[in-house]
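A.B. asks: turn this into a model:
(one chain, ligands or ions: 2)
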Amino acid sequence: MRFSFSRLAAEALRGHSGWPRQWRDPEPKAAYDVVIVGAGGHGLATAYYLAKEHGITNVAVLEKGWLGGGNTGRNTTIIRSNYLCEESEALYEHALGLWEGLSHELNYNVMYSARGVMMLAHNEHDIRVFKRHVHANRLAGIDNEWLDPAEAKGFCPILNIDPRLRHPVLGAALQRRGGVARHDAVAWGYARGADRLGVDIIQNCEVTGIERNASGRVTGVATTRGPIMARRVGIVAAGHTSVLMAMAGVRMPLESFPLQALVSEPVKPVMPCVVMSNTIHAYMSQSDKGELVIGAGTDAYTSYSQTGALHVSRHTLEAIAELFPVTRRLRMLRSWAGIVDVTPDRSPIIGTTPVAGLFVNCGWGTGGFKATPGSGHVFAATIARDEPHRIAAPFTLERFTTGRLIDEAAAAAVSH
Ligand code: FAD
Ligand code: PYC
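C.D. replies: Ligands and ions are numbered 1, 2, ... in the order given. Just a heads-up that it's a prediction; the model follows:
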């Protein structure tokens, strides 16, 4: 018998032939204890820790697209904990600690590689800001050190430290425990872990409404696959949080911007670490496949476009070619954008909301990948106990009414 491609494809689609049974999307149940909206790394990690640490397994993660297809699958995977304020130091350091054991925890190789993250200073202002971060971090027991230009080049030999550059390298802050991980492995690792603990992960299921009873408490969600009842709903839908929260009548202090990245054709290992430059909107590392992973800045205006403006990536490539002359003749393979949601103080919002039973985790802006394990861990505890986890407590929505902001504009890595 002859097999046509379309027949094989139809069989594969019908039965997911060859896939282990547990990978098929389950039919949604009528009711859950907890519904998580968004199957990015943060949502999946939340579901995993709800089941693993709090014994709450009647959980569904609803995803409008495919698992890990949002920012989790679009980011440049930089991991670090060199933030300025003590609230953020605690949060990102909690995450970094979890990264260090994550492959073991999930029995899934997330390819966390602590190869060092170096942030370049190009002017007097940068030097002061980064030195302030170095001192603040060291006081908190977090590794961060100052390098002069020659030391920076020693750490990353392809770095151009010619003082005649348009933006010369005047020094750098180095966090040696920082690094990168494999983004889709993080989503799949948490998904598999949650699935094995009984969580339902349902793709192609867009949440279109949030249902409440007469006293205003959440009772479930409306979806493109029908209504689903839930006692608690957690929104973890980076970039689209305002849209979802508006369904429950809550206005969020967020703006959504495209942030873009691109990768080069694969080359032999040339880049031993991660280098970032806030000032000229460029950062680069090398993936295990050999591609140079390059990140750009955000678009200057709010939008839901998943491509990003061409002049933004062009500006970045000019900066990259100047900082790393070996890249000048490389071809770029792909470029894309993700939609990030940004708060006024550049710190996330994690916690309860004015609507009983509704929880939110958002506002990670350009820098939430590094937080994935920590974010899921503290958000799960917040949902399970209906009160903020100790580390999440400063990051509640109320800070925008009390004015107790956590200003991380300088540590956010990408200028906005
Ligand atoms: P997502 O992975 O975006 O998941 C949210 C999910 O919600 C999506 O899958 C979406 O489809 C789903 N959703 C939305 N609306 C609905 C709905 N109505 N119903 C159902 N599902 C819905 N951070 C770093 O720390 N380091 C970096 O180097 C870094 N680089 C970045 C580079 C780029 C180009 C981008 C775009 C981001 C970068 N970030 C980085 C930020 C980081 O990617 C995000 O903060 C993080 O991945 C957010 O994870 P998440 O799980 O909250 O969101
Ligand atoms: O938060 O480190 C970061 C980052 C780098 C690129 C985008 N975000």
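
A.B. asks: just the CA atoms of stretch 333-340, as PDB, please.
C.D. replies: What follows is stretch 333-340, C-alpha atoms only, in PDB (Å, rounded to 0.1, in the frame of the first residue of the first chain):
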ATOM      1  CA  LEU A 333      18.500  33.200  10.000                       C
ATOM      2  CA  ARG A 334      15.300  34.300  11.900                       C
ATOM      3  CA  SER A 335      13.800  37.300  13.700                       C
ATOM      4  CA  TRP A 336      10.700  37.500  15.700                       C
ATOM      5  CA  ALA A 337       9.100  39.400  18.600                       C
ATOM      6  CA  GLY A 338       7.100  38.600  21.800                       C
ATOM      7  CA  ILE A 339       4.700  40.800  23.600                       C
ATOM      8  CA  VAL A 340       5.900  41.800  27.000                       C
END
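
A.B. asks: from residue 244, how far off is the closest residue to ligand 2 within the stretch 301-416 of the chain?
C.D. replies: Proximity of the stretch 301-416 of the chain to ligand 2 (CB to the nearest ligand atom) peaks at residue 367, 2.9 Å away. Just so you know, the C-beta spots here come from the backbone N, C-alpha and C atoms, and that holds for glycine as well. Relative to residue 244, residue 367 is positioned 21 Å away (CB to CB, to the nearest Å).

A.B. asks: can you check residue 214 too?
C.D. replies: Between residue 214 and residue 244 the distance is 22 Å, computed by CB to CB.

A.B. asks: with adjacent residues omitted, what lies nearest to residue 375?
C.D. replies: residue 42 (4.8 Å; CB to CB, 6 or more residues apart in numbering).

A.B. asks: and that neighbour, what element?
C.D. replies: helix 41-54 (DSSP states H and E).

A.B. asks: buried ones in that helix, by neighbour count?
C.D. replies: 41-52 (16 or more other CB atoms under 10 Å).

A.B. asks: just checking it against ligand 1, any contact.
C.D. replies: Yes: using CB under 6 Å from any ligand atom, helix 41-54 reaches ligand 1 at 41-43.

A.B. asks: need the contact list for the residue nearest to residue 375.
C.D. replies: 72, 236, 238, 361, 364, 368, 371-372, 375-376, 379 (CB atoms under 8 Å, 6 or more residues apart in numbering).

A.B. asks: quick one on the thing from earlier: between residue 214 and residue 244, which one's more packed in?
C.D. replies: Taking neighbours as other CB atoms under 10 Å, residue 214 and residue 244 compare with residue 244 leading, 24 against 5.

A.B. asks: hmm, the more buried one is touching residue 209, no?
C.D. replies: No: assessed by CB atoms under 8 Å, residue 244 is found out of contact with residue 209, at 9.5 Å.

A.B. asks: okay, the helix or strand that contains residue 378 in PDB with CA atoms only?
C.D. replies: Residue 378 belongs to helix 372-385 when assigned by DSSP H and E. The C-alpha atoms that make up helix 372-385 are tabulated as PDB, following Å, rounded to 0.1, in the frame of the first residue of the first chain:
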ATOM      1  CA  THR A 372      10.300  31.300  35.800                       C
ATOM      2  CA  PRO A 373      11.000  28.700  38.500                       C
ATOM      3  CA  GLY A 374      10.800  31.300  41.300                       C
ATOM      4  CA  SER A 375       7.700  32.900  39.900                       C
ATOM      5  CA  GLY A 376       5.800  29.700  39.600                       C
ATOM      6  CA  HIS A 377       7.000  28.600  43.100                       C
ATOM      7  CA  VAL A 378       5.800  31.700  44.900                       C
ATOM      8  CA  PHE A 379       2.600  32.100  42.800                       C
ATOM      9  CA  ALA A 380       1.600  28.500  43.600                       C
ATOM     10  CA  ALA A 381       2.000  29.200  47.300                       C
ATOM     11  CA  THR A 382       0.000  32.400  47.000                       C
ATOM     12  CA  ILE A 383      -2.900  30.700  45.200                       C
ATOM     13  CA  ALA A 384      -2.800  27.700  47.600                       C
ATOM     14  CA  ARG A 385      -2.900  29.800  50.700                       C
END
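
A.B. asks: show me how far it is from its chain's centre.
C.D. replies: 15 Å (CA atoms, centre = their mean, to the nearest Å).

A.B. asks: and the angle from that helix to helix 41-54?
C.D. replies: Angle between the axes of helix 372-385 and helix 41-54 is 50 degrees (criterion: axes from the mean of the first three to the mean of the last three CA atoms, to 10 degrees).

A.B. asks: quick revisit: give me the contact status of the helix holding residue 42 with ligand 2.
C.D. replies: No: residues of helix 41-54 contacting ligand 2 under CB under 6 Å from any ligand atom: none, with a closest distance of 13.8 Å.

A.B. asks: what does stretch 345-352 give?
C.D. replies: No: Stretch 345-352 does not reach ligand 2 (CB under 6 Å from any ligand atom); its nearest approach is 10.1 Å.

A.B. asks: one more: stretch 317-333?
C.D. replies: No: Stretch 317-333 is not in contact with ligand 2 by CB under 6 Å from any ligand atom; minimum separation 13.3 Å.

A.B. asks: who's in contact with the most centrally placed residue in the chain?
C.D. replies: Geometric centre of the chain, nearest residue: residue 369, 2.5 Å, by CA atoms, centre = their mean. In this structure, residue 369 makes contact with 41, 71-72, 75-79, 183, 186, judged by CB under 8 Å, 6+ apart.

A.B. asks: for ligand 2, state which of these is nearest.
C.D. replies: The closest of the contacts of residue 369 to ligand 2 turns out to be residue 78 (CB to the nearest ligand atom; 3.8 Å).

A.B. asks: who touches the helix or strand encompassing residue 88?
C.D. replies: Following DSSP H and E, the helix or strand that holds residue 88 is helix 86-100. Here helix 86-100 makes contact (CB under 8 Å, 6+ apart) with 79-83, 105, 110, 112, 114, 136-137, 140, 142, 177-178, 181, 347-348, 370-375, 377-378, 391-392, 394-395, 406, 408, 411.
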